[in-house]
Each structure stands twice: as structure tokens, then as C-alpha cells.
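**Q** coordinates only, sequence not included:
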């Protein structure tokens with residue numbers, strides 16, 4: 001749905017009509033689908049999801065500058081990130097997905113957030129961006145917390161040749177499997193002329209990706225972060241919802 005406005009009642013209804021009952025709510029961007037400071041909208045969204053039989057199982061954090069070299073900026077990002085995590089926990093989410101960076105400042109931010117979230121059930125998930133997935137897995141290893149893991153976006157990574165490893169039959173499986181038990185959620189999307197393409201409409205090696213998920217005994221949610229058909233840049237909510245809802249049967253048929 002458009003990210004220049006908050007999530008609306010009719011959006012939630014469209015999700016439910018498609019047959020999808022578990023969602024990630026997106027607070028990335030300003031504005032976005034959720035404003036973590038808007039208590040009225042948070043309460044309305046929670047009650048509407050309950051009414052429609054939908055569970056919010058994860059939230060995408062706003063894009064706070066967790067890796068900033070400016071200590072005041074970084075500290076404010078940590079405070080806002082902790083607030084986002086507490087809102088996510090209140091809404092029933094198990095994971096807060098974050099764009100964290102991998103520098104020393106990022107490590108400080110994660111450690112401080114985890115300290116402040118002690119006693120909460122919410123986990124922090126580090127989403128891979130445009131570096132190799134093992135780099136992010138190594139960062140998660142250094143933090144070594146049961147409350148911190150990796151969230152793999154299948155559209156983001158690039159090998160040294162500039163090609164997404166998840167479109168390569170000989171690389172897709174090993175790239176996902178390297179996460180092991182650190183993998184706590186997914187941002188599944190296809191790749192065609194870029195990322196965030198509707199599933200099974202592009203060149204992603206879906207069979208290899210799911211073989212890896214079986215290899216590591218992944219038990220989490222199959223979360224999709226797709227918004228467009230191949231060859232288009234504009235949003236296509238009804239089409240993409242249909243592709244996601246039909247994915248299990250379509251995957252088996254393929």
C-alpha cells in the first residue's frame with residue numbers, strides 16, 4: 001500500500017480478503033504505514049486487526065541513524081528504536097526489523113537497545129542490505145544475544161560480480177544456509193529488473209532458498225516484502241497480495 005499515508009481499515013480488509021492472516025507492519029519512512037508516536041492510530045490498527053482475525057507478527061523499524069558518528073544523534077536513534085520495539089511488542093510482534101549498519105557505532109546501538117529491552121519478548125532483527133549475507137551473520141555472532149538475529153531480504157545482496165546470489169542456482173542455497181539458527185525472520189521477494197518483485201514472477205531460485213530453510217530447520221514466519229510486478233515501478237496491492245496468498249500452492253506446483 002502507498003507509504004505516504006498510514007495503514008487504513010480498507011487495507012487491512014484487503015489483506016484478510018486475500019487469505020493472509022499474519023502481517024508485518026511497516027514504520028519505515030516518513031510518513032509510513034505506522035507512526036510510533038500516534039497512539040490513536042496504533043490502538044485503531046490493533047483493534048481492527050483483531051476484528052479481522054489478523055496477527056501483527058513483526059514490525060519494520062523507522063530508518064533511525066543507529067550507525068551515526070554523532071553521539072547525540074545516535075543516542076536519540078537508540079531511544080526512538082527502543083520506543084519502536086516497545087510499540088511492536090505491544091502490538092504482538094515478535095521481531096523488530098532494523099537497518100542497523102555494521103560499524104562500531106551500530107554495535108553500541110544494538111547493545112544499548114538490548115539492555116533497555118531486557119524483560120521484553122521482542123527480538124531485534126538485523127536486515128541485510130547490499131553486502132554479503134555472511135557479513136551480517138558475523139555481526140550477529142559478535143553481539144551473541146538470544147534477543148538479536150538476522151532477517152534476510154532476498155532482493156538485497158550482491159556477490160562480487162554485482163549479481164544477487166539468490167538468482168544463482170549454485171549460490172542461493174548456501175547464501176541462505178549460512179545464517180543457521182541466527183535467522184529469525186525473512187523479507188521474501190523476487191528479483192527481475194530489481195528487487196521487491198511479486199513472488200514467482202522473477203528469477204529467484206525459490207527451490208534452493210526453501211531447501212536452505214529446510215537445511216537449517218527454520219521455524220519462523222514466511223514474510224514477504226514485495227510490492228510490484230516485474231517491469232513496473234508503481235504499487236500493485238491487489239496483484240501482489242494475490243501472488244503472496246497463492247504462493248504455497250504455486251510453489252508446490254512449480
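**A** Arrived safely. Just so we're clear, the structure is a prediction, and the values are computed from it rather than from any experiment.

**Q** pretty sure residue 153 is touching residue 187, no?
**A** Yes - applying Cβ atoms under 8 Å, one finds residue 153 in contact with residue 187, separated by 3.7 Å. C-beta: built from backbone N, CA, C; applies to glycine.

**Q** shared neighbours, those two?
**A** 127, 225 (Cβ atoms under 8 Å, 6 or more residues apart in numbering).

**Q** Run the chain-centre distance for the top helix by length along the chain.
**A** Using DSSP state H to define each element, the chain has its longest helix at helix 71-90. From the chain centre to the centre of helix 71-90 is a distance of 17 Å (Cα atoms, centre = their mean, to the nearest Å).

**Q** looking only at pLDDT, what's the mean for it?
**A** In this model, helix 71-90 has a mean pLDDT of 98.

**Q** name the helices or strands packed onto that helix?
**A** Contact here means 3 or more Cβ pairs under 8 Å, 6 or more residues apart in numbering; DSSP states H and E; on that basis helix 71-90 packs against helix 39-52, strand 55-60, strand 95-98, helix 104-116.

**Q** what's the angle between it and strand 55-60?
**A** 170 degrees (axes from the mean of the first three to the mean of the last three Cα atoms, to 10 degrees).

**Q** Now do the buried residues in helix 71-90.
**A** Within helix 71-90, the residues that count as buried by 16 or more other Cβ atoms under 10 Å are 74, 77, 78, 80, 81, 82, 84, 85, 86, 87, 88, 89.

**Q** count of residues packed around residue 185?
**A** 25 (other Cβ atoms under 10 Å).

**Q** neighbours around the closest residue to residue 143 other than its chain neighbours, how many?
**A** Nearest-residue entry for residue 143: residue 110, 5.7 Å, with adjacent residues in sequence omitted and distances by Cβ to Cβ, 6 or more residues apart in numbering. For residue 110, the count of nearby residues is 25 (other Cβ under 10 Å).

**Q** do the same with the one 5 residues further on
**A** Look at residue 115: counted by other Cβ under 10 Å, it has 11 neighbours.

**Q** Distance-wise, check it relative to residue 71.
**A** Distance of residue 115 to residue 71, computed by Cβ to Cβ, to the nearest Å: 17 Å.

**Q** do the same with residue 188
**A** Distance from residue 188 to residue 71, by Cβ to Cβ: 36 Å.

**Q** again with residue 248
**A** Taken as Cβ to Cβ, the span from residue 248 to residue 71 is 47 Å.

**Q** again with residue 119
**A** For residue 119, the distance to residue 71 - Cβ to Cβ - is 26 Å.

**Q** before we move on, what about residue 80?
**A** In terms of Cβ to Cβ, residue 80 sits 15 Å off from residue 71.

**Q** what do you get for residue 227?
**A** 36 Å.

**Q** for this structure, what spans make up the helices?
**A** Using DSSP H, helices in the chain cover 9-18, 39-52, 71-90, 104-116, 133-143, 172-177, 206-215, 237-245, 247-253.

**Q** Ok, which of these comes nearest residue 60?
**A** helix 71-90 (9.3 Å; Cβ to Cβ).

**Q** Now do the contacts for the spatially most central residue of the chain.
**A** For the chain, the residue nearest the mean C-alpha position is residue 187 (4.6 Å; Cα atoms, centre = their mean). Residue 187 makes contacts with 97, 127, 151, 152, 153, 154, 155, 223, 224, 225, as judged by Cβ under 8 Å, 6+ apart.
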